[in-house]
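Q: Predicted model and sequence follow; I will ask about them next.
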Amino acid sequence: MGLLNFLKKIEPDKKKSPVLHTLFDAIFTLAYSPATVTEGGVHVRDGMDLKRLMIHVVLALQLCFLFGTYNIGHQHFVAAGEYMGFLEGFHLKLVHGLIQLIPIVLVTMVVGLGIEIFFAARKGHAVEEGFIVSGMLIPLIMPPDIPLWILGVSVAFAVIIGKEAFGGTGMNIWNVALLARVFVFFAYPTTISGDQVWVSGYESLNPGVMADYGWAHGLFNGLFDLLNIDTFDAARTAVIDGYSGATPLALAYSGGWEAVTQNFSVSQMWWGTIPGSIGETSKPFIILGAIFLLLTKVASWRIMLSACIGAITMGLILNAWGATPFMDVPWYYQLYMGSFFFAIAFMATDPVTASTTNTGKWVYGFLIGFIGMIVRVMNPAYPEGWMLAILFLNTFSALIDHYVLESNISKRLQSA
Amino acid sequence: MGELINIFIKSAFIENLALAYFLGMCSYLAVSKSVKTAFGLGLAVIFVLGITMPINWMISTFLLSETGLFGIDLTFLRLILFIAVIASMVQLVEMVIEKYSPSLYNSLGIFLPLITVNCAILGGSLFMVAKEYNFAESVAFGLGGGFGWFLAIIGIAAIREKIRYSAVPPGLRGLGMAFILTGLMGMAFMSLMGIDPAAF
């Protein structure tokens, strides 16, 4: 009970320093369940409060984080033409990934939680933990080399305009993590599209040259020297000839499935050793996370299933149409490329922004799959469709619910 | 026929009058408090756009153009004549709604006659002239544009009904929130912007 006594001792005064007290309260309730219970009347009887629910999603994302860390380093070394094998230079890949990923997570969390705590203190609430999940999702959907100030601005936009303006956690209409990404996409398009941004250390202004390593790499070099294993070689600055950094989607857009298979094998796309956003590449780990969410009933199976049906339907239609090389990509391979799995498992199923009625969930999921595939294949402006398709359906989820309710009411009236 | 469907889809989703051009904002923001009235106004806009577009097309082709009835270039009269057509059509809609649905008539209030100055309608007609559509295309464009506007207004109305129970900061309640919603909806609608159905 040492920690409990310690926390009790340092509890700041709520009146004098509301911001500090909110911060304290957040940490306190994370460590201990509050002893105060609601009196009078029956309320929620489940121990599954908001914090516990959100921790499930965070847990489900950990495998993606692990693989994302490795893949940042892996893509970096593949671009330089060294350590091409999966396990070669494993420690270097992992360390490089961590050096890129940790600042991204820190900036996201500090900016997002900072704003949340400030607003909570202003409103006199306990801090709402909604940002824990968004703050975990945002790093996973960003390119590995995103400038940290752009990340900070986009997180601030998403939290203030997308969430606090609506009244905080559970009241937002659009998915906060996707709003952050869409903000980067429209405000700073060069940092999140094109062939160069998906590979860490690949300088888009100076193609063919890898960015210099920073001081953190130097620190680890010292450690690796002591252990007598491979170090980050400062002379490794050139990108190998013919390397473009293009993602499978970019290749498919220009040259169809053939161009994709010339550069990547299907198993590479399945396991995720391809360039892309940090967390989106590895399908098995995403599926494991999705199964965990389904077993704990945090995510809705109706949305996942109907989104798959929608995407497959549109994929078949496009196959039959076949006007461009991209449309000829077989529908089952369409699912392998890009972020379909990640978006459907973690973004579309967000219980706040999705439709809440069961019929509504079917419609909502189906249209996400359907429209996402249209945007991906037919819209030359955007390399991938799921982000915008989910935001588009977030817009109409309230309307879908409204009409499901109306039809239920009129059915009951008829049978009465 | 394929061309007409292209124009319909394009004007409804890709070049949405409300969310891509931000036309017709006045009634869009004012009448979107409940889905029911928004639905009624949306239908009225579809009707007025669908009727005025072909009439305005005939006026500008047969009366105002140099190859028309008078043989001289009368395009400077375009705005006045378009507005006159729109105003008379709105009068018609108003009479019909008053007769068949007095409750909707009352809830729409002043915004029903104000469709006359709804810039989505006049803007639609002017776009139609600028894009040099033929008669059938102008019908498709009118119905598509109206449908897109209808979709946008019932969409925002459903969201505004939903956030009525949210703890929106007091300073933003009402119109402030409607502006933020419109902006974010416009962002969501950008997903389809840039698709050219005719390119395939």
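A: Perfect, thanks for sending it.
Q: contacts and neighbour counts: CA atoms only from here.
A: Noted.
Q: What ranges in chain A fall below the confidence cut-off?
A: Low-confidence segments of chain A (pLDDT under 70): A:1, A:33-48, A:203-208, A:234-237, A:242.
Q: Where is the longest helix in chain A?
A: helix A:90-123 (DSSP state H).
Q: For the helix or strand just after that one, buried residues please.
A: The helix or strand immediately downstream of helix A:90-123 is helix A:131-140, counting by DSSP states H and E. Neighbour-count burial for helix A:131-140 flags A:131-140 (criterion: 16 or more other CA atoms under 10 Å in any protein chain shown).
Q: Give me the residues contacting helix A:131-140.
A: A:54-55, A:57-58, A:61, A:64-65, A:68, A:101, A:104-105, A:108-109, A:112-113, A:116, A:169, A:176-178, A:180-181, A:277-280 (CA atoms under 8 Å, 6 or more residues apart in numbering or on different chains).
Q: Closest residue of the stretch 101-250 of chain A to chain B?
A: Residue of the stretch 101-250 of chain A nearest chain B, by CA to the nearest CA: residue A:167 (4.3 Å).
Q: That residue: how many residues sit nearby?
A: Residue A:167 has 20 neighbours, counted by other CA atoms under 10 Å in any protein chain shown.
Q: OK, contacts around it?
A: B:166-169.
Q: With pLDDT, neighbour count and secondary structure added, can I get these in JSON lines?
A: As requested, these are exported to JSON lines (pLDDT from 0 to 100; neighbours: other CA atoms under 10 Å in any protein chain shown; DSSP: H, G, I helix; E, B strand; the rest coil):
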{"residue": "B:166", "pLDDT": "85", "neighbour count": "18", "secondary structure": "coil"}
{"residue": "B:167", "pLDDT": "84", "neighbour count": "15", "secondary structure": "coil"}
{"residue": "B:168", "pLDDT": "87", "neighbour count": "19", "secondary structure": "coil"}
{"residue": "B:169", "pLDDT": "86", "neighbour count": "14", "secondary structure": "coil"}
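Q: ok, which of these also contact chain A?
A: With CA under 8 Å from any CA of the partner chain as the criterion, those include B:166-169 near chain A.
Q: Now the two most distant members of those residues.
A: For these, the farthest-apart pair by CA to CA is B:166 and B:169; their separation is 9.1 Å.
Q: and the lengthiest helix in chain B, which residues are buried?
A: Using DSSP H, we find that the single longest helix of chain B is helix B:135-162. The neighbour-count check on helix B:135-162 (16+ other CA under 10 Å) flags B:135, B:137-162 as buried.
Q: again, but for stretch B:74-89
A: In stretch B:74-89, counting by 16+ other CA under 10 Å, buried: B:78, B:81-83, B:85-87, B:89.
Q: right, and residue A:70 touches residue A:97 too?
A: Yes. Look at residue A:70 against residue A:97 with CA atoms under 8 Å: they come within range, at 5.8 Å.
Q: Can you get me a residue count around residue A:62?
A: 16.
Q: ok now the helix or strand where it lies, how far from the chain's centre?
A: For residue A:62, the host element (DSSP H and E) is helix A:50-80. On the basis of CA atoms, centre = their mean, to the nearest Å, helix A:50-80 is displaced by 9 Å from the centre of the chain it belongs to.
Q: likewise stretch A:270-285?
A: Centre to centre, stretch against its chain (CA atoms, centre = their mean), the figure for stretch A:270-285 is 12 Å.
Q: what's next to that stretch, contact-wise?
A: Outside stretch A:270-285, the residues touching it (CA under 8 Å, 6+ apart) are A:63-65, A:67-69, A:71-72, A:74-75, A:139-144, A:198-199, A:245-248, A:264, A:268-269, A:286, A:336, A:338-339, A:341-342.
Q: Surely residue A:159 is in contact with residue A:174?
A: No. Between residue A:159 and residue A:174 there is no contact, the gap being 10.8 Å when judged by CA under 8 Å.
Q: What is the burial count for the closest residue to residue A:313 other than its chain neighbours?
A: Setting aside the residues directly before and after it, residue A:313 is nearest to residue A:370 in space (CA to CA, 6 or more residues apart in numbering or on different chains), at 7.1 Å. If you count neighbours by other CA under 10 Å, residue A:370 ends up with 23.
Q: three-state assignment of residue A:212?
A: coil (DSSP: H, G, I helix; E, B strand; the rest coil).
Q: Might one say that residue A:321 is in contact with residue A:327?
A: Yes. Contact between residue A:321 and residue A:327 holds when scored by CA under 8 Å: they sit 7.2 Å apart.
Q: so who does residue A:69 touch?
A: Contacts here follow CA under 8 Å, 6+ apart; on that basis residue A:69 touches A:93-94, A:97-98, A:101, A:278.
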